[in-house]
Structure formats: structure tokens, C-alpha cells
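Have a look at this fold, sequence not included:
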């Protein structure tokens, strides 16, 4: 019987033991599950690279400590604890989906960071020093303890769909319905669909009215829209909503002689949402908005309304993100 050399034994060991183990870690198990999000996870020890947009620098933090700054920045600490927990899980999921620690490319490629503190690009975040300046010393101790409980009592928990972390987007106030990702961004996610939301009616951001003179509108929307001529000619339809999305947000609107998308009007006029009505009075156009934010995913005021009614954070998240599952990154 021919003897097997040391080099052959080493080759067999690598092929039979090392490569399969590496494959399991990379793919998350023989069935391709999300076990890769538990490999090496040590709670708050996981490093996350954060781009501080106001300071224009990248810093490394511990994930769970970073999340406390996100929850404090993204949601009022006066909210119910279960709403804060829902925010913590959403923020953790959003971060994990972008972290290089888990093999992702990061959400801020320009600065080679996992995530940005600019809410337009990532998640808002606030430092403890800035929180102390915002809150009184007594309030800081109270609210920081509450935010910390929300993060610590959900430590390691993320939302998944088909074993992958979801795109856990959220917004302030939805109005009667949330929006689907497809109608806002043109990309469909099974868990980001339009749903009825009757939980955020008491949000202070539920309605807002803004009035614009014709010169102001032409400055914001462009002279080519012909708004001045339309109003001066007594046109009672100087602005008309042409179509709406499935969640009743504005899809197409004509202002003057030009057609805009609802998103374009929202951005150009700094409106709270694309769910708006337009009226005319005394030579002005009056925009009345319902809701605040893009409307996709979890309504934060809706989450608080649900928490006040006795719902747990799991109930809240399952309501806003359809068909998702929860995974504990500790593997338990």
C-alpha cells in the first residue's frame, strides 16, 4: 500500500476541512442561511466605520453604542419604550446591511465608511456631548438610560427576509397609508408595501400648510413653468394634480404649463411629503401636506401610537415590514 506523503495529507485536510468551513462561514451554512451574520458577532464589540458628515471624518465605533446615538437622534426619547426598541432593531438592521464586517460594501463608498450620519444618505446620529447640550442634565440621565434600554434589550436582533437583512427604511409620519418602495424609488421589495396606518394621527407633523406667491414659485420651479401668466390670466387651474400613486401621494402635477413629479415638487418647495393638495387664494398657491418623509417602511409616530396601545416592538415591526423574520445575531 502506497504511503501518503505529508503534502498530500495537508492538501486533503485543506480540501475536506478548511474549504467547507470557509464556505459555511461565507454562505452562512450549507443551506445559504443568514448564519454569516452571527459568525464572529460579539455584541457591541463589532466595529462599524461611521462617516461624521458634519465633521467630515470617519471614526470607528462599537455597533451597539453607535445605535444608541442613532435612536436618540432619530426618535424622540419621550416615545414609548417599545417604539424605541422598534427603532433600535430597524437601525441595527439598516447598519448591518451595509457593514464591511459582514462582507458588505458600505453605504458611503466615497469616504470608505459603513454608514453616514447624514440622514439623506444613512441614519442620523448624535454624540453624547451634543445630547447633553440638547437635554438638561436631569433629562439626559433619564432619556439616555431609556434609549440604552431600548438598544440593550434588543441587542443583536435584526430583521431578515429570505435570510438576508432587510432594507429597514423608516420615516416620521405616514398619513393614512405608508408608501411602497416601488412607487417612491421604482424598486419593489416584498416587505416594503403600502399599508393602512391609523396609528400616527396625533403626530404634530400630520398636516402642514405652506403658501407661495407666484414669484416665489417661479424662483423655485423655474420661469419656464409659466406660472405668472397662468395666474394673471385668471386660470383657476394654475395648478392641477394629474395622477396619484397607490398610497394617494402625488404622482404627476401640472403647475402653470409644466408637468412635475410629486417628488420634484416636494424637493423644490421643501414640502414635508408628496401627499399634498393645492389650492389658490389671493394670487397664491397653497400646498397642504399630509405626513412627513418618504412614507416607506415604519412610521415612527405610527410605531409610538401602536406602542401606546400595548403593542410590543415585534408587533410594530411585523406590521410595517411584511413577511419579515427576526434573527438574533448571537445565534440564539
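Looks like it came in fine. None of the values given here were measured: they were computed from a predicted structure. Residues are numbered from 1 along each chain as shown.

ok, and residue 219, which helix or strand is that part of?
In the assignment (DSSP states H and E), residue 219 maps to helix 214-221.

elements contacting that helix?
helix 227-232, helix 262-269, strand 284-290 (3 or more CB pairs under 8 Å, 6 or more residues apart in numbering; DSSP states H and E). C-betas here are computed from N, CA, C, even on glycine.

worst average pLDDT in the ones you listed?
With a mean of 70, helix 227-232 has the lowest mean pLDDT of the helices and strands packed on helix 214-221.

Going toward the C-terminus from that helix, what's the next helix or strand?
strand 239-244.

Give me the distance between the helix or strand following that next one and the centre of its chain.
Counting by DSSP H and E, the next helix or strand C-terminal to strand 239-244 is strand 250-255. Remark: strand 250-255 is offset 25 Å from the chain centroid, using CA atoms, centre = their mean, to the nearest Å.

what do you get for stretch 196-204?
On CA atoms, centre = their mean, the centre of stretch 196-204 falls 18 Å from the chain's centre.

next one: stretch 114-131
Using CA atoms, centre = their mean, the offset of stretch 114-131 from its chain centre is 12 Å.

Kindly report the same for stretch 128-141.
The answer for stretch 128-141 is 25 Å, by CA atoms, centre = their mean.

per-residue confidence averaged over that stretch?
88.

contact partners of it?
69, 72, 77, 126, 143-144 (CB atoms under 8 Å, 6 or more residues apart in numbering).

Check stretch 265-273 too.
With contacts defined as CB under 8 Å, 6+ apart, stretch 265-273 is touched by 173, 175, 205, 208, 210, 212, 217, 220-221, 249-250, 253, 255, 260, 274, 276, 287, 289-295.

Put the buried members of those into a ChimeraX selection.
Remark: buried members of those, expressed as a ChimeraX selection using 16 or more other CB atoms under 10 Å:
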select :173,175,205,208,210,212,217,221,249,250,253,255,260,274,276,287,289,290,291,292,293,294,295
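
The spatially most central residue of the chain: what's its closest spatial neighbour, skipping adjacent residues?
Nearest residue to the geometric centre of the chain (CA atoms, centre = their mean): residue 169, 2.6 Å. Nearest residue to residue 169, sequence neighbours excluded (CB to CB, 6 or more residues apart in numbering): residue 297, at 4.0 Å.

Which stretches in this protein count as helices?
Shown for the chain, the helices assigned by DSSP state H span residues 6-13, 19-27, 63-74, 81-96, 128-134, 137-152, 181-185, 214-221, 227-232, 262-269, 300-308, 313-320.

Show me what the shortest one is packed against.
Here helix 181-185 is seen to pack against no other helix or strand when contacts are counted using 3+ CB pairs under 8 Å, 6+ apart.

Domains in this protein, by residue range?
6-32, 43-201+295-328, 207-290 (automatic domain parsing).

which stretch in the ones you listed has the least confidence?
Note on the domains of the chain: lowest mean pLDDT is at domain 6-32, with a mean of 40.

Residue 198: neighbour count?
For residue 198, the neighbour count with other CB atoms under 10 Å is 11.

Over to residue 191?
19.

nearest residue to it other than its sequence neighbours?
That would be residue 321: by CB to CB, 6+ apart, it lies 4.6 Å from residue 191.

Who are the contact partners of the one you found?
By CB under 8 Å, 6+ apart, the neighbours of residue 321 are 159, 161, 166, 168, 191-192, 297-298.

Return the member of those residues nearest to residue 95.
The shortest approach to residue 95 among these belongs to residue 168, at 9.1 Å (CB to CB).

my guess is the closest one meets residue 97, correct?
Yes - counting by CB atoms under 8 Å, residue 97 is a contact partner of residue 168 at 7.4 Å.

Of the two, give the one with the bigger neighbour count.
For residue 168 and residue 97, the more surrounded residue by other CB under 10 Å is residue 168, and the numbers stand at 26 against 21.

could you measure residue 311 against residue 80, distance?
Relative to residue 80, residue 311 is positioned 9 Å away (CB to CB, to the nearest Å).

which residues sit in contact with residue 239?
253-256, 278, 280, 285.

Who wins on neighbours among those residues?
residue 255 (26 neighbours).

unless I'm mixing things up, that one is touching residue 227, no?
Yes - with contacts counted by CB under 8 Å, residue 255 reaches residue 227, the gap being 6.2 Å.

Quick one: end-to-end length of stretch 168-183, please.
By CA to CA, to the nearest Å, the extent of stretch 168-183 from end to end equals 17 Å.

How about stretch 201-208?
Across stretch 201-208, first to last residue, CA to CA, it's 13 Å.

for stretch 193-203, same thing?
Stretch 193-203: ends 22 Å apart by CA to CA.

how about that stretch: buried residues?
For stretch 193-203, by 16+ other CB under 10 Å, it's 193-195, 197, 199-200, 203.
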